[in-house]
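Participant: kindly return the folded structure for what I paste below:
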Amino acid sequence: MSGSRPSLPAPSALAAAWSLDPGVTYLNHGSYGAAPRSVLARQAALRGRIEQEPERFYVRHLEGMSDEVRRALGGFLGADPDNLAQVSNATAGVNAVLRSLDLGPGDELLTTNHAYNACGNALAYVAGRTGAQVVRAVVPFPSCGPEEAAAAVLDRVTERTRLVLLDHVTSPTGVILPVERLVRSIQERGIDVLVDGAHAPGMIPLTLDSLGAAYYTGNCHKWLCAPKGAAFLYVRRDRQERIHPLVISHGANSLRTDRSRFRLEFDWGGTIDPTAWLCVPAALEAVAALVPDGWPEVMARNHALAVEARRTLCAALEVTPPCPEEMLGSLAAVQLPDGDGKRRPPPGLDPIQDALLERFGIEVPINAWPAPPRRWVRVSAQLYNSVEQYVYLAEALRTLLAEEAREESASRA
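Facilitator: Below you'll find the model as predicted:
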């Protein structure tokens, strides 16, 4: 990295709770999350317990400890704990549902053009094996409001639709879709909804039992700040018999009668490191303790910071905000001038994203959405971030985009 890099702006005073690199302005909490130091210490202690006596931990203690996680998580999510299963991430939750469905030729799987790419691939895989068809509703962006988003989805529901996959908070564009209205309208037609809530837990309030979706999956490692590998799959009670984990293991023929088949299959898929999942209660407590009013204040602060970040970027880049503020949580996307469509060798990042890190020490994603040459910068807002960091990002982008424009002009001369 360059020794002439500008001085980095200070993060929030709350950044001390995390172990993030002080040499990087980290504006990408949304992609992978970041666990506080105290949560990582709890995970290390749990790993120590496992290695002291694995048989005791896995056979005698793990099931009860996992039940405690579901109770704590269920209380936070407004969900019956028995409707929650442990999965490694939201993409695994989406796959578990899709690969359990009985589909055939002529059936339609509906999603939107904002769907997470990995889940779009899962839809395509299942459709290719069953003869079903993937249909994408085009939700306009920019210039999208909740009503337009809902109408775009509902207009593509047909008598052949068997399942609708909705992102609660879209990954490439950071938009909160009107999931409550859509779940109600779609399921009134007898069609199940699977909500990909990868970003929602800890970003926006959730009451999953009241939402009533047949299926809902979300990550705990993002905005809840648990370690990586902690996520949940919510399956409504009347749909649990048909849903199976990706790994079929001992629960499939267990003789136990004290738990549902859903519980028995999902609770034990084989020997894994369960400590990320077991740290969810610690993450819920640790983050809530950082501010006086707990999680409601966490969500409100992060939303306000994301709104301010978008205002700062839009003003600096002289672009119009692409959606109403009410559709933002803790993520915000701002459109950049089109690129040349070229991305560097693996990992295939946009040259602007590489330059932001190498020259300015800023880590933030530049997404090519819906496809190159379109480009968006997507910022995250977490308690450890500060307004000054987004001002710094705006100045860096202006510098790099001006250089890019001069280079393009020179190449055409």
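Participant: CA atoms for contacts and neighbours, from now on please.
Facilitator: OK.
Participant: can you give me the strands for the stretch 51-200 of the chain?
Facilitator: 84-87, 108-112, 133-137, 161-167, 192-196 (DSSP state E, counting those that start in this stretch).
Participant: and the stretch 201-350 of the chain, by the same measure?
Facilitator: 215-219, 231-235, 331-336.
Participant: excluding its backbone neighbours, what's nearest Asn89?
Facilitator: Ala231 (4.8 Å; Cα to Cα, 6 or more residues apart in numbering).
Participant: now do the contacts for that neighbour.
Facilitator: With contacts defined as Cα atoms under 8 Å, 6 or more residues apart in numbering, Ala231 is in contact with Gln86, Val87, Ser88, Asn89, Ala90, Thr217, Gly218, Asn219, Cys220, His221, Trp277.
Participant: so what's the fourth one up against?
Facilitator: When contacts are counted by Cα under 8 Å, 6+ apart, Asn89 is found next to Ala198, Gly218, Asn219, Gly229, Ala230, Ala231, Phe232.
Participant: show the buried residues in the residues you listed.
Facilitator: Ala198, Gly218, Asn219, Gly229, Ala230, Ala231, Phe232 (16 or more other Cα atoms under 10 Å).
Participant: for the third one, list each beta-bridge partner.
Facilitator: Asn219 has these beta-bridge partners by DSSP bridges: Ala231.
Participant: pLDDT value on it, please?
Facilitator: Note on Asn219: pLDDT of 98.
Participant: isn't it up against Ala198?
Facilitator: Yes: with contact defined as Cα atoms under 8 Å, Asn219 reaches Ala198; the gap is 4.9 Å.
Participant: overlap in contacts, those two.
Facilitator: Asn89, Ala90.
Participant: quick one, what contacts Pro205?
Facilitator: So Pro205 contacts Leu77 (Cα under 8 Å, 6+ apart).
Participant: one more pass at 10 Å, please.
Facilitator: Phe76, Leu77, Gly78, Trp295, Pro296, Met299 (Cα atoms under 10 Å, 6 or more residues apart in numbering).
Participant: max pairwise distance over these: which two?
Facilitator: Gly78 and Met299 (16.2 Å; Cα to Cα).
Participant: got any ranges where this structure has weak pLDDT?
Facilitator: In the predicted model, the chain carries pLDDT under 70 at residues 1-3, 341-346, 413.
Participant: domain assignment for it?
Facilitator: 13-27+293-412, 40-285 (automatic domain parsing).
Participant: turn those into JSON lines, including distance to Ser4.
Facilitator: Shown next, in JSON lines, are those (distance: least, Cα to Cα, whole Å):
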{"stretch": "domain 13-27+293-412", "distance to Ser4": "8"}
{"stretch": "domain 40-285", "distance to Ser4": "32"}
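Participant: now do the contacts for Thr91.
Facilitator: 116-120, 122, 196-198, 217-219, 231.
Participant: at 7 Å instead, please
Facilitator: Each residue near Thr91 by Cα atoms under 7 Å, 6 or more residues apart in numbering is listed here: Ala118, Cys119.
Participant: what about it, distance to Ser19?
Facilitator: Relative to Ser19, Thr91 is positioned 26 Å away (Cα to Cα, to the nearest Å).
Participant: same question for Phe360.
Facilitator: Taking Cα to Cα, one finds Phe360 at 20 Å from Ser19.
Participant: which one's more surrounded, those two?
Facilitator: Phe360 (23 against 13; other Cα atoms under 10 Å).
Participant: my read: that one touches Pro6, true?
Facilitator: Yes: assessed by Cα atoms under 7 Å, Phe360 is found in contact with Pro6 at 6.4 Å.
Participant: residues near Phe57, how many?
Facilitator: 16.
Participant: give the buried residues for the lengthiest helix in the chain.
Facilitator: Secondary structure of the chain per DSSP state H: the longest helix is helix 387-412. Going by neighbour count (16+ other Cα under 10 Å), the buried part of helix 387-412 is 387-394, 396-397, 400-401, 404.
Participant: ok, now stretch 126-134?
Facilitator: Val126, Ala127, Thr130, Ala132, Gln133, Val134.
Participant: repeat that for stretch 12-22.
Facilitator: Of the residues in stretch 12-22, those buried (16+ other Cα under 10 Å) are Ala15, Ala17, Trp18, Leu20.
Participant: when Gly78 and Met299 are compared, which one has more neighbours?
Facilitator: Per other Cα under 10 Å, whichever of Gly78 and Met299 has more neighbours is Met299, with 21 against 15.
Participant: name the nearest residue to the more buried one, ignoring sequence neighbours.
Facilitator: Leaving out its chain neighbours, Met299 is closest to Met203 (Cα to Cα, 6+ apart), at 5.6 Å.
Participant: can you count the residues close to that neighbour?
Facilitator: 25.
Participant: repeat for Thr271
Facilitator: For Thr271, using other Cα under 10 Å, the count is 7.
Participant: just to revisit the earlier point, pick out the most distant pair among the buried residues of stretch 12-22.
Facilitator: Ala17 and Leu20 (9.1 Å).
Participant: against Glu148, how distant is Pro324?
Facilitator: Using Cα to Cα, Pro324 is found at 12 Å from Glu148.
Participant: hang on, the earlier thing: widest-spaced pair of the contacts of Ala231?
Facilitator: Thr217 and Trp277 (14.3 Å).
Participant: more crowded one of these two?
Facilitator: Taking neighbours as other Cα under 10 Å, Thr217 and Trp277 compare with Thr217 leading, 30 against 25.
Participant: pull the contacting residues for the more buried one.
Facilitator: Ala90, Gly93, Val94, Val195, Asp196, Gly197, Ala198, Phe232, Leu233, Tyr234.
Participant: just those now: which is nearest Asn28?
Facilitator: Among these, and counting by Cα to Cα, the member closest to Asn28 is Ala198, at 14.7 Å.
Participant: how about that closest one, nearest residue that isn't a chain neighbour?
Facilitator: Gly218 (4.2 Å).
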